[in-house]
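# show me how the following folds:
(6 chains)
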Amino acid sequence: MTENKKIGITLRHAPYGSDLAQEALDATLAMGLFGQQITLFFLADGVFQLLKSQSSSDIHQKSVEKQISAFELYDIERVFVCAQSLRQRNIDTHSLCIDAVCLSAAELQKALSTQDTVLSF
Amino acid sequence: MTENKKIGITLRHAPYGSDLAQEALDATLAMGLFGQQITLFFLADGVFQLLKSQSSSDIHQKSVEKQISAFELYDIERVFVCAQSLRQRNIDTHSLCIDAVCLSAAELQKALSTQDTVLSF
Amino acid sequence: MMSHAILHTVNQSPFTHSALEQCLCYTQECDAILLLENGVYAALLTHPLSDKLSGKKCYAIEADLQARGLLEQTLASHIQLINFTDFVGLTTQYKLVQSWY
Amino acid sequence: MMSHAILHTVNQSPFTHSALEQCLCYTQECDAILLLENGVYAALLTHPLSDKLSGKKCYAIEADLQARGLLEQTLASHIQLINFTDFVGLTTQYKLVQSWY
Amino acid sequence: MIFSLLVLSPPSSQASLSAYQFANALLLEKHSLYRVFFYHDAAYNGSSIQCIGQGEFDVIKAWDTLQEQYEFDRVVCIAAGLKRGIINETEALRYEKTAYNLNNEINLAGLGELADATVKSDRMITFGG
Amino acid sequence: MIFSLLVLSPPSSQASLSAYQFANALLLEKHSLYRVFFYHDAAYNGSSIQCIGQGEFDVIKAWDTLQEQYEFDRVVCIAAGLKRGIINETEALRYEKTAYNLNNEINLAGLGELADATVKSDRMITFGG
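Alright, predicted model coming up:
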């Protein structure tokens, strides 16, 4: 895999209701491991994945917050989050577990369209 | 199974996107076969199951319309459909494949609350 | 036991799915609503159905709020946090349980 | 080929799920929308997003409309009915495919 | 009270965990559990060959443990199981399949068992989604 | 063009059929299909012991037939497959399971195969829901 592609990953689902969010983040970390140029887009209920103070042991699931905290180790640094989705859900950026760049829907659309390919989770 | 219970079955999902609607109707027919007193509630996207002129062979699924047409054979006669759900979806009662009784949300709530038990599909 | 009252469970996010909206459509005064799994996001104050929900007897599974980091957020004050033992208790008090998913 | 345009696929009913609403939020002028599976219910004229959709280039899988009995209903006139070969063709014309489900 | 559960969700969905937690709670409260009927994608809760990592929760094994402590019926709908590849030895032979994977503690049975449970239980709770 | 598909849905979902129909159509159009990667509940598309009634469509068998006609890779993500009980002989031995059920035409492999397919294909299409 010598090519270097701009790969967008959209993450739109709330965590824990199904393990889709966990598996999407596992895939994200794996893409990072393979040295691809990754940009993450947390949209709609996907922004719930970024909340601080998740404590999921009582529902017997591994913490999505912990997975997200590992982004840095995997050199995943381009993380976009939808400002409108946060606002609709009354989530302050101070409540997020990582530094994500807040963008408007129009900016996100533009950033997405500059990717070479996209994985839709 | 000598007891005779009033069993409500709520059907709220559009057909074909998953096989939940088909399996819910299979369960309905089985309950009918076992001589229970069944009342069906088609709510929300569940009203789409009742549309005429379904032709699902190109998507390789058995017809939900055919399953529903078998209700009479199984003595399932109490079929309620939500008038508001039909209206929201612009579906005329002439477009339905069986004679179902149109009720308002309040009437449906009341009819549901008189059941002895409910299976939620 | 309430002879004609229904316990409604809702386990989908109200921001993505119409399960809660559907539920509220068919709920009467004496009924109760239990939020669980992703349904607990309805405890956030801002979602469009928050007002409608505030008129109802409403419960939510605490472990589901905790898992999702929601206990640190501003929540609708009238929602009572419960565990699965309480959930079982509720199902014995209401004659029917209708699940919206 | 449109170098910065996106093909959006939507496969959930707009009456139950916010997939189409989300999609419309992040769609620009040059993008196109393909409705498939339960997404084809958006071709009905009455759903709340019908107006917004009418400004977009929009396709729907005909077999999915047919399966659901929708070809007998009044449909939004600007939606073009296609098959899977056309779907493949569209994915070659647009640089990216984003799936909303 | 006598409870039965109708479960519709696969193990990947939290609803299948909720069903287990509900069963556990009702049994601790001295209610009785007549039957758990796995239907639709919940048929996948009938596998015996899931491989769960150390430290991760195995909902199928948790059901096994609960069933060792209390008496109740676990049924996978035979029609739902067959088409999803959750089968016992008999069905493997009948359909000429090379393997079978149904959990030993679970019966493969028809929708009549759902009807029976619905009639015989004071409460029937559906777990879907 | 070179396509790869990321499939996330179980056989009970129409999305898994759509993925197959899309693959079939692109191959008929003389495009090439590099890899189909089954992830999340799509891992269940890797079973070899599903029992489909006469006259009903078997999407897994349809993939087998397509793969006989054209060359492409079918992969079930090993992590997703293990926890769902879609395993091959090697994993059955490793985890001391009594049976294995992975379709012969399918490989169990890691997420690197998804990364590889994403890089090497002109188009990556996700089928979920």
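
# can you report phi and psi for residue 48?
Picked chain A for this. When read as degrees, to the nearest 10, the backbone of residue A:48 gives phi -60, psi -20.

# oops, chain C please
Recorded main-chain torsions at residue C:48 are phi -60, psi -20, according to degrees, to the nearest 10.

# grab the nearest non-local neighbour of it.
Leaving aside its sequence neighbours, residue C:48 sits nearest to residue C:14 (C-beta to C-beta, 6 or more residues apart in numbering or on different chains; 7.5 Å). To be clear about C-beta, it is placed using only N, CA and C from the backbone, and glycine gets the same treatment.

# count the neighbours of the one you found for me.
27 (other C-beta atoms under 10 Å in any protein chain shown).

# pretty sure it contacts residue C:23?
No: Residue C:14 lies out of contact with residue C:23 (C-beta atoms under 8 Å); the separation is 9.7 Å.

# number of nearby residues for the residue in chain E that chain D sits nearest to?
Closest approach of chain E to chain D (C-beta to the nearest C-beta) occurs at residue E:129, with a separation of 12.0 Å. Residues near residue E:129, counting by other C-beta under 10 Å, number 25.

# what's the answer for residue A:94, then?
6.

# would you mark the buried spots in stretch A:67-80?
Across stretch A:67-80, burial judged by 16 or more other C-beta atoms under 10 Å in any protein chain shown covers A:67, A:68, A:71, A:74, A:76, A:79, A:80.

# which SSE is the first one in?
To tie it back to what came earlier, the one meant is residue A:67. Under the criterion of DSSP states H and E, residue A:67 resides in helix A:64-69.

# what helices or strands is that helix leaning on?
Applying 3 or more C-beta pairs under 8 Å, 6 or more residues apart in numbering or on different chains; DSSP states H and E, we find helix A:64-69 packed against helix A:20-33.

# stretch A:26-34 and chain E in contact?
No: against chain E, stretch A:26-34 shows no contacts by C-beta under 8 Å from any C-beta of the partner chain, the least distance being 12.0 Å.

# quick one: contacts for the nearest residue to residue C:23 once chain neighbours are set aside?
Excluding the flanking residues, the one nearest residue C:23 by C-beta to C-beta, 6+ apart is residue C:100, at 4.4 Å. By C-beta atoms under 8 Å, 6 or more residues apart in numbering or on different chains, residue C:100 lies in contact with B:12, B:120, C:8, C:9, C:10, C:11, C:12, C:19, C:20, C:22, C:23.

# pull out the buried residues from the longest helix along chain C.
Ranked by residue count and defined by DSSP state H, the top helix of chain C is helix C:84-93. Using 16+ other C-beta under 10 Å as the test for burial, helix C:84-93 gives C:84, C:86, C:87, C:88, C:90, C:91, C:92.

# over to stretch E:113-129?
Within stretch E:113-129, the residues scored as buried using 16+ other C-beta under 10 Å are E:113-119, E:121-129.

# looking at those, which are in strands?
E:123, E:124, E:125, E:126, E:127 (DSSP state E).

# quick check, nearest of these to residue B:62?
Nearest to residue B:62, judged by C-beta to C-beta, of those is residue E:126 at 23.3 Å.

# confidence score at the closest residue to chain D within chain A?
The nearest approach of chain A to chain D comes at residue A:120, 4.0 Å away (C-beta to the nearest C-beta). On the pLDDT scale, residue A:120 is placed at 98.

# wait, it touches residue D:96, no?
No: in this structure residue A:120 lies outside contact range of residue D:96 using C-beta under 8 Å: 9.7 Å.

# near chain B, which residues of chain C show up?
Residues of chain C lying near chain B by C-beta under 8 Å from any C-beta: C:4-6, C:18, C:22, C:25-28, C:95-101.

# next step: those restricted to helices.
Those of the residues of chain C next to chain B lying in helices (DSSP H): C:22, C:25.

# buried subset of the residues of chain C next to chain B?
The neighbour-count test (16+ other C-beta under 10 Å) marks C:5-6, C:18, C:22, C:25-27, C:95-101 as buried among the residues of chain C next to chain B.

# and chain A, which residues reach chain E?
Residues of chain A lying near chain E by C-beta under 8 Å from any C-beta: A:16, A:17, A:18, A:19, A:20, A:59, A:60, A:61, A:62.

# ok, the fourth one - contacts?
Right, the one you point to is residue A:19. Applying C-beta under 8 Å, 6+ apart to residue A:19 gives the contacts A:61, E:12, E:13, F:40.

# ok, the residue in chain C positioned nearest to chain E to residue C:13 distance?
Here the residue of chain C nearest chain E is residue C:101; by C-beta to the nearest C-beta that distance is 3.0 Å. Distance, residue C:101 to residue C:13, using C-beta to C-beta, to the nearest Å: 11 Å.

# equivalent analysis for residue C:19, please.
9 Å.

# for chain A, give the residue positioned nearest to chain B.
For chain A, C-beta to the nearest C-beta, closest residue to chain B: residue A:18, 13.6 Å.

# the closest residue in space to that residue that isn't next to it in sequence: neighbouring residues, count only.
Counting by C-beta to C-beta, 6+ apart, residue E:13 is the residue found nearest to residue A:18 once chain neighbours are left out, at 4.8 Å. Number of residues near residue E:13 (other C-beta under 10 Å) recorded here: 26.
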